[in-house]
Structures are given as C-alpha cells and as structure tokens.
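A.B. asks: Just a sequence and a predicted model for now, questions to come.
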Amino acid sequence: SIFFPYTTLFRSKQWYQRRVRVTMERLVHCVVIISDTRQELAETVTEAICHTESCILVHVHADKGADRMVASFVGSPETVVEGALNAAVIVQRSVDMRYHKGPLNPVGALHAVVFTPFSNIGPAQCEDIANSFSHNLADLLEVPVYQFNCSPVEDVGYDNLPAAIEANDPIFGPKEFSPAWGTTLVGTSRSFLMFNVNVMGTRDQANKICKYLNNRPDLRAKTVLLEDNGNAVIGCEILDCETCGLSDVMDTIKHHASELNIAVVGSHVVGSIPLQALIKAADSYIEKEGVFLIKEQQKIRFIIDRLGLNSVSEFKPESKVIEYVLGVNRHGPLQSSTVQQFVESVGARTSTPGGGSVSALVTALGLALGQMTGWMTYGSKKHEGAEKTVTSVLPVLHRTIDQITPLIDADAMAFANYLVAQKMPVTNEEETLRKQEALEEALLTIVHVPMKIMELGCGCWNQIEELTANYNSSLKSDLQVAIKCLEAGIWGAYKNIMINLDDVVNDKTKQEIAAKARKLLESSETMSGRLLASLEK
C-alpha cells in the first residue's frame with residue numbers, strides 16, 4: 001500500500017490456538033496483495049489462511065486510501081501453495097475490479113503473490129513453489145497468470161490491461177481478460193519488503209526521486225499523492241533486503257529530497273518485516289553515527305527512531321517482525337533449557353550432552369563474565385579512560401557468545417548423527433563402503449564442533465587482555481574466573497577433538513587437525529597464565 005489512514009491486524013481464534021514455537025524448519029514466506037480493504041474480506045482471508053495446515057498468519061494490513069490489502073503468512077513448502085490458493089478462492093468470490101477506486105492501478109483482484117525464502121530453503125525451491133501456485137491458480141480459477149516484476153502487463157493500468165493481455169502470453173492460464181478479475185502477478189524474490197516514505201512535496205518532486213530509486217534492479221518505487229494534505233508518499237518494493245537495505249532507501253530519498261528542498265517526514269512498513277532487515281539498517285546507522293549499541297532490542301528501538309517508523313502509526317515489533325510474531329525459537333533445546341534442566345541432562349545416563357556441550361557452555365560463560373566486566377566498567381565516571389577499550393571489546397565478546405552458544409546443541413547433534421551412521425546395515429560390500437564413508441564424515445563433524453569452540457574462544461584472548469589492562473578493579477575476581485573458564489572451555493574442546501580423532505581413518509586429515517588443535521591449546525594456556533599473573537600484581 002501507499003498511504004495509511006489506518007492499520008488493522010486481524011487474527012482469528014484458530015491463529016492463537018495454532019501459534020507455536022517455530023524451530024527454524026523449512027519455511028516459505030508468502031505475501032498476498034489484494035485490491036480491496038473491506039474488514040469482512042480481511043477476516044475471511046485470514047480464516048482461509050489459518051485453516052490451512054502448517055500455515056501461520058503473520059500480518060494483515062488494510063489500507064483504505066490505497067484500496068489495497070496486504071496479507072503475509074509462512075508455511076511449509078508443501079502447504080504454502082494451498083494457503084495462497086485458499087486466499088485466492090476467497091478473493092475471486094468477493095472482489096470485483098469494476099468497482100475498484102484505489103490510486104495504485106493494480107492488475108487484478110488478486111494483484112500479486114510473492115514467495116520468499118524464510119528458513120532452510122533456497123531461491124530455486126521458491127521458484128518451484130511459485131510455478132506450482134501459478135499452475136494451480138490458472139487451472140482452478142481459469143485466469144491468466146503473469147510473472148511478477150518482469151511482465152509487460154504490470155504497469156499499463158487497468159484500463160489498458162485487455163490490450164496488454166491480448167499482446168502478451170501469460171505464463172499460465174487463458175489469454176483472456178475478465179473485467180471482474182483482471183490478472184495476477186506471481187513470482188519470487190530473495191526477500192520482499194514494502195516500505196513507504198512520506199515527503200512534504202508534490203507528485204512531480206516525488207516522481208523525480210523515484211527515478212533515482214528505480215535505477216536499482218533490487219528496488220521498485222512509485223508515487224501517490226495524499227489527498228487529505230497534498231503531500232506525497234514514495235511506495236517502495238524492496239526485492240532483496242541483502243543488497244538493498246532500509247537505510248539505503250531512506251538515505252537515497254533524503255539526499256534527493258534535500259536537493260529539491262523538500263522534507264522527509266517518516267516512513268512505514270507495510271505488512272511484516274524480517275528481523276534481519278531491521279538489524280542491518282540499525283547497524284548501518286550505528287556505524288555512520290559512531291554510537292555504541294549491541295543488544296537487539298536497543299537496535300530495534302534505535303532504527304524505529306532513525307527511520308521515523310512511528311510517524312504514521314505506532315510500529316509494534318511484536319506484531320510486525322516476522323520472527324517475533326511467529327515466536328521463532330532461534331535456539332536449540334539445550335541452549336533454551338533452564339540451568340537445572342541442563343545440569344540434569346548432563347548428569348543423566350545418556351551420552352549426550354557431554355564434554356563437548358559443556359565445553360561450549362563454559363567457554364561462553366567465560367566470555368560472558370568478560371562482557372559483564374566490560375559493561376560494569378563502561379559509562380562509569382571513575383573509569384572514563386577505559387571507554388575506548390570497552391567499546392571495542394564488548395561487540396566482539398557479544399558476537400562471539402552468539403556464535404558459541406549454538407554449539408552447545410551442535411555437539412550433541414553431531415554425536416547423534418554418528419550413532420545413526422553406526423547403525424547402518426552392512427549386508428554387502430557396497431553397504432560396508434557406504435557406512436565407512438558415513439562414519440568418517442560423522443566423525444569429522446564431531447571434531448569440527450569443538451574445533452570451532454577453540455577457534456572462537458582463542459579469537460577473544462586479545463579482547464580479554466585489553467580488559468585486564470583497563471577495567472573496574474572491583475571486578476577483579478570476576479575477570480579471573482572469566483579467564484579460567486575460557487581456558488577450561490578451550491581445554492575441554494581440545495580433549496574432545498583428540499579422543500575422536502583416534503577413529504578418523506585419513507591420517508593426513510588427522511595430523512592436520514591435531515596440529516591445529518595443539519597450537520590453539522598452547523596459545524590459550526600461554527595467554528591464560530600471563531593474564532592471571534598480571535592480575536595478581
């Protein structure tokens with residue numbers, strides 16, 4: 001949508017009942033753009049999506065001014081097509097384009113359906129999903145379907161659509177124009193985000209800015225005039241958030257708006273947004289402004305302010321950020337467990353979690369104590385001279401902790417895969433060879449996890465050393481414990497590598513890994529001894 005008299009989130013009782021802790025399975029994000037905003041239609045579309053197995057509604061945005069509704073949901077590759085088709089059937093029964101009054105010139109009642117990867121799925125698989133949906137939509141509703149973002153019918157306007165359909169073959173469906181339906185654009189992108197920026201200028205001025213934006217292959221922009229106050233909104237469709245971030249779009253608009261002597265007065269995210277898109281934009285402004293922010297919630301609050309996301313309506317991360325809406329659990333079962341649960345699972349009569357998981361946790365705890373020492377030193381009048389050190393150390397420790405903690409689960413999973421390989425049948429020579437290869441691969445994976453622990457842990461010794469030279473002295477014992485934990489975690493990871501290397505068949509690989517592990521261990525022990533001695537002085 002282009003501008004926003006109101007925003008409404010529709011959620012059914014079934015949505016709440018089916019909301020689950022998603023553990024990053026294979027999921028596809030689907031955005032459905034509908035040329036109607038009636039509340040009863042929004043509720044019916046919501047119900048159609050929610051009643052589709054394995055599909056979870058994320059957000060529904062209804063924009064009266066643009067006469068357009070945007071619904072987004074996630075689903076498995078097997079069911080996301082069904083969810084989109086269920087929504088399409090409702091739209092065909094309820095929407096007649098002959099009565100559409102919006103300013104956006106959509107191509108049909110169901111203007112577009114866009115599939116993007118969300119977790120553990122690639123662009124090629126999304127292409128297959130989009131093709132499947134297009135084929136089924138054309139067959140089920142007997143309507144023409146065109147390619148999203150590269151179709152000659154896309155920008156001709158509804159009045160010119162009959163001639164455009166006559167001149168261009170659809171990818172699926174009949175080459176016929178239905179006045180009530182029009183056509184539908186279907187496609188994929190690496191990520192799809194609808195982001196609108198308000199400018200206090202004329203349509204012509206906003207169009208000039210759009211020309212610059214449309215020079216990018218990963219971005220599309222158009223202008224609509226706000227009838228109530230005469231200002232314009234630049235409606236942007238970001239096709240790849242990795243190459244075109246929110247900060248890139250906003251900075252480009254501000255630059256050209258400044259040249260035209262017009263003001264930029266906030267922005268709005270239409271529908272839902274991936275968490276990483278916000279974090280990336282925040283990191284961009286953090287770097288430009290030289291501010292010190294590390295935590296996720298701080299970054300989100302910061303970018304809401306910098307982009308002016310509250311200017312039209314309140315930006316609520318819990319209902320706009322896809323991962324938050326889904327309750328995505330980005331941590332494994334061990335990492336998510338309580339301290340009591342983890343201790344009990346380690347002490348249980350099972351082989352996992354074992355020394356590898358414990359080594360990962362101990363390493364992370366050492367770094368966390370170092371991080372605590374840094375935070376307790378930062379911002380204190382008594383330790384103003386330490387701020388430069390602390391602001392360079394803390395981001396590294398924070399990032400490394402985030403990288404190490406998933407290895408708590410990764411170690412247990414690697415050993416589980418090895419047990420699966422052990423149980424492979426060996427009834428003939430071919431199966432014997434296959435089992436040997438699987439065991440070797442599983443062993444190398446088991447070794448890789450503690451090696452990663454060692455590499456990450458050793459990569460932070462320089463930061464810990466910087467802290468020992470300039471820190472809050474009341475935290476001396478905490479810093480000493482941090483150093484011993486870091487050393488112990490790395491030592492434990494080394495022992496896990498060496499015991500599993502015994503069964504690796506490839507001697508060259510075995511020697512290379514052992515030599516690398518010994519070098520890391522020696523470096524760790526040297527640093528630990530030196531730092532502990534310096535703290536005792």
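C.D. replies: Looks like it came in fine. Residues are numbered from 1 along each chain as shown.
A.B. asks: Next, work out how far apart residue 79 and residue 234 are.
C.D. replies: Note on residue 79: its distance to residue 234, by Cβ to Cβ, to the nearest Å, is 35 Å. Bear in mind the C-beta positions are built from the backbone N, C-alpha and C, glycine included.
A.B. asks: Which one of the two is surrounded by more residues?
C.D. replies: residue 234 (25 against 14; other Cβ atoms under 10 Å).
A.B. asks: is it true that the more buried one touches residue 212?
C.D. replies: No. Residue 234 is beyond contact range of residue 212, at 10.5 Å (criterion: Cβ atoms under 8 Å).
A.B. asks: Just say helix, strand or coil for residue 331.
C.D. replies: Classification of residue 331 using DSSP: H, G, I helix; E, B strand; the rest coil returns coil.
A.B. asks: what number of residues lie near it?
C.D. replies: For residue 331, using other Cβ under 10 Å, the count is 15.
A.B. asks: shouldn't it be in contact with residue 407?
C.D. replies: No. Shown here, residue 331 and residue 407 do not form a contact pair, counting by Cβ under 8 Å, at 11.7 Å.
A.B. asks: which residues do the two both contact?
C.D. replies: Common contacts of residue 331 and residue 407 (Cβ atoms under 8 Å, 6 or more residues apart in numbering): none found.
A.B. asks: Can you report how many residues neighbour the residue nearest to residue 472 when sequence neighbours are not counted?
C.D. replies: Spatially, and ignoring its direct neighbours in sequence, residue 472 is nearest to residue 377 (4.3 Å; Cβ to Cβ, 6 or more residues apart in numbering). Summarising burial for residue 377: neighbours were counted as other Cβ under 10 Å, giving 24.
A.B. asks: mind listing what residue 377 touches?
C.D. replies: The contact partners of residue 377, taken as Cβ under 8 Å, 6+ apart, are 383, 386, 390, 467, 470-472, 475.
A.B. asks: How about residue 201?
C.D. replies: Contacts for residue 201 (Cβ under 8 Å, 6+ apart) come out as 231-232, 257, 260, 262-263.
A.B. asks: Show me which of those are buried.
C.D. replies: For the contacts of residue 201, a burial check counting by 16 or more other Cβ atoms under 10 Å picks out 231-232, 257, 262.
A.B. asks: could you dump the contacts of residue 377 to TSV with distance to residue 420, neighbour count and secondary structure?
C.D. replies: Formatted as TSV, these follow (distance: Cβ to Cβ, whole Å; neighbours: other Cβ atoms under 10 Å; DSSP: H, G, I helix; E, B strand; the rest coil):
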residue	distance to residue 420	neighbour count	secondary structure
383	52	17	helix
386	50	21	helix
390	46	25	helix
467	43	25	helix
470	50	15	coil
471	47	24	coil
472	49	20	coil
475	45	20	helix
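A.B. asks: Doesn't residue 224 lie inside a helix?
C.D. replies: No. Checked against three-state DSSP, residue 224 lies outside a helix; its state is strand.
A.B. asks: Kindly state the beta-bridge partners for it.
C.D. replies: residue 233 (DSSP bridges).
A.B. asks: which stretches of the stretch 251-400 of the chain have low pLDDT?
C.D. replies: 328-330 (pLDDT under 70).
A.B. asks: count of neighbours near residue 484?
C.D. replies: Neighbours of residue 484 under the rule other Cβ under 10 Å: 15.
A.B. asks: Show me which helix or strand of the chain is least confident by mean pLDDT.
C.D. replies: helix 13-18 (a mean of 37; mean pLDDT, DSSP states H and E).
A.B. asks: need the next SSE after that helix, C-terminal direction.
C.D. replies: Note on helix 13-18: by DSSP states H and E, the next helix or strand toward the C-terminus is strand 27-34.
A.B. asks: partners of that next one, with directions?
C.D. replies: The pairing partners recorded for strand 27-34 under DSSP bridges are strand 68-75 (antiparallel), strand 110-119 (antiparallel).
A.B. asks: and that strand, how far out from the chain's middle?
C.D. replies: 15 Å (Cα atoms, centre = their mean, to the nearest Å).
A.B. asks: With stretch 498-511 instead?
C.D. replies: Put simply, stretch 498-511 sits 37 Å off its chain's centre (Cα atoms, centre = their mean).
A.B. asks: average pLDDT across that stretch?
C.D. replies: Averaging pLDDT along stretch 498-511 yields 89.
A.B. asks: Enumerate the positions of that stretch that are buried.
C.D. replies: 498, 500-501, 504, 510.
A.B. asks: so how far is the first residue of it from its last?
C.D. replies: Terminal residues of stretch 498-511 lie 10 Å apart, using Cα to Cα, to the nearest Å.
A.B. asks: just stretch 345-361 next, same as before
C.D. replies: By Cα to Cα, the extent of stretch 345-361 from end to end equals 14 Å.
A.B. asks: so how far is it off the chain centroid?
C.D. replies: On Cα atoms, centre = their mean, the centre of stretch 345-361 falls 30 Å from the chain's centre.
A.B. asks: Other residues contacting it?
C.D. replies: Contacts for stretch 345-361 (Cβ under 8 Å, 6+ apart): 334, 337, 342, 404-405, 407-412, 414-416, 446, 449-450, 453, 488-493, 495-496.
A.B. asks: Narrow those residues to those that are buried.
C.D. replies: Buried by 16+ other Cβ under 10 Å: 334, 337, 342, 404-405, 407-412, 414-415, 446, 449-450, 453, 488-493, 496, out of these.
A.B. asks: three-state assignment of residue 151?
C.D. replies: Residue 151 is classified as coil under three-state DSSP.
A.B. asks: Residue 424 is nearest to which of the strands paired with strand 27-34?
C.D. replies: Nearest to residue 424 among these is strand 110-119; the distance by Cβ to Cβ comes to 28.9 Å.
A.B. asks: between whichever helix or strand comes after that closest one and strand 68-75, how big is the angle?
C.D. replies: Beyond strand 110-119 in the direction of the C-terminus, DSSP H and E gives the next helix or strand as helix 123-141. Orientation check (axes from the mean of the first three to the mean of the last three Cα atoms, to 10 degrees): helix 123-141 against strand 68-75 gives 120 degrees.
A.B. asks: What ranges in the stretch 51-200 of the chain fall below the confidence cut-off?
C.D. replies: For the stretch 51-200 of the chain (pLDDT under 70), the answer is none.
A.B. asks: could you pull out the helices for the stretch 301-450 of the chain?
C.D. replies: 317-320, 322-326, 333-336, 339-347, 355-377, 387-404, 406-422, 429-458 (DSSP state H, counting those that start in this stretch).
A.B. asks: Determine which stretch of these is the most buried.
C.D. replies: When you average the neighbours per residue for each of the helices of the stretch 301-450 of the chain (mean count of other Cβ atoms under 10 Å), helix 355-377 leads with a mean of 24.
A.B. asks: which residues does the closest residue to residue 364 other than its chain neighbours contact?
C.D. replies: Leaving aside its chain neighbours, residue 364 sits nearest to residue 404 (4.6 Å; criterion: Cβ to Cβ, 6+ apart). Contacts for residue 404 (Cβ under 8 Å, 6+ apart) come out as 360, 363-364, 367, 453, 456-457.
A.B. asks: One more: residue 389?
C.D. replies: When contacts are counted by Cβ under 8 Å, 6+ apart, residue 389 touches 466-467, 469-470.
A.B. asks: Now flag whichever of these is closest to residue 516.
C.D. replies: residue 466 (25.2 Å).
A.B. asks: Provide the secondary structure category for that closest one.
C.D. replies: Under three-state DSSP, residue 466 falls in the helix class.
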